[in-house]
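>>> Take this sequence and fold it.
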Amino acid sequence: MGCAPRGVSPHEYLPDAASGDYVRQVKTPVVTVIGVVIALLGLLFALQGFGVIGGSAMSNTSTWSILGPIILIVGVAIVVVSRRRGV
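I've put the predicted structure just below:
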């Protein structure tokens, strides 16, 4: 079939893939990395909004002072949910 690892029969391999275990094993780290990236961007936006990081049109603006922490919380929530549920 081409999708089974070397030395593993496709008949042994496909039931795991069909049950979703293989997809879950691949998907969880991907979702976790996406959540971490979103959290880091939220932190960056918040620091720019609070004026800690300057040199940007986003610096010292109340919009990013509000949106940055919200984006950070969303990113952390994605990481927590993906690690607990194995999304």
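>>> Which stretches in this protein count as strands?
Applying DSSP state E to the chain gives no strands.
>>> All the helices of it, in order from the start?
For the chain, the helices defined by DSSP state H occupy 10-19, 21-49, 62-85.
>>> now these as CSV including mean neighbour count, mean pLDDT and distance to Gly55?
Every residue, glycine included, has its C-beta placed from N, CA and C. Formatted as CSV, those follow (neighbours: other C-beta atoms under 10 Å; pLDDT from 0 to 100; distance: least, C-beta to C-beta, whole Å):
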stretch, mean neighbour count, mean pLDDT, distance to Gly55
helix 10-19, 12, 53, 49
helix 21-49, 16, 89, 9
helix 62-85, 15, 95, 14
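>>> Would you format the ones you listed as CSV with distance to Ser56 included?
Below are these laid out as CSV (distance: least, C-beta to C-beta, whole Å):
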stretch, distance to Ser56
helix 10-19, 45
helix 21-49, 5
helix 62-85, 9
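>>> I'd assumed Ser65 was in contact with Phe50.
Yes - the pair Phe50 and Ser65 passes the contact test of C-beta atoms under 8 Å, sitting 5.6 Å apart.
>>> for Ile73, what are its contacts?
Neighbouring residues of Ile73 by C-beta atoms under 8 Å, 6 or more residues apart in numbering: Gly42.
>>> how close does the nearest residue to Ile38 once chain neighbours are set aside get to Leu43?
Leaving out its chain neighbours, the residue that sits closest to Ile38 by C-beta to C-beta, 6 or more residues apart in numbering is Gly75, at 3.4 Å. From Gly75 over to Leu43 the distance is 8 Å, taken as C-beta to C-beta, to the nearest Å.
>>> next one: Ile73
Ile73 is 11 Å from Leu43, where distance means C-beta to C-beta.
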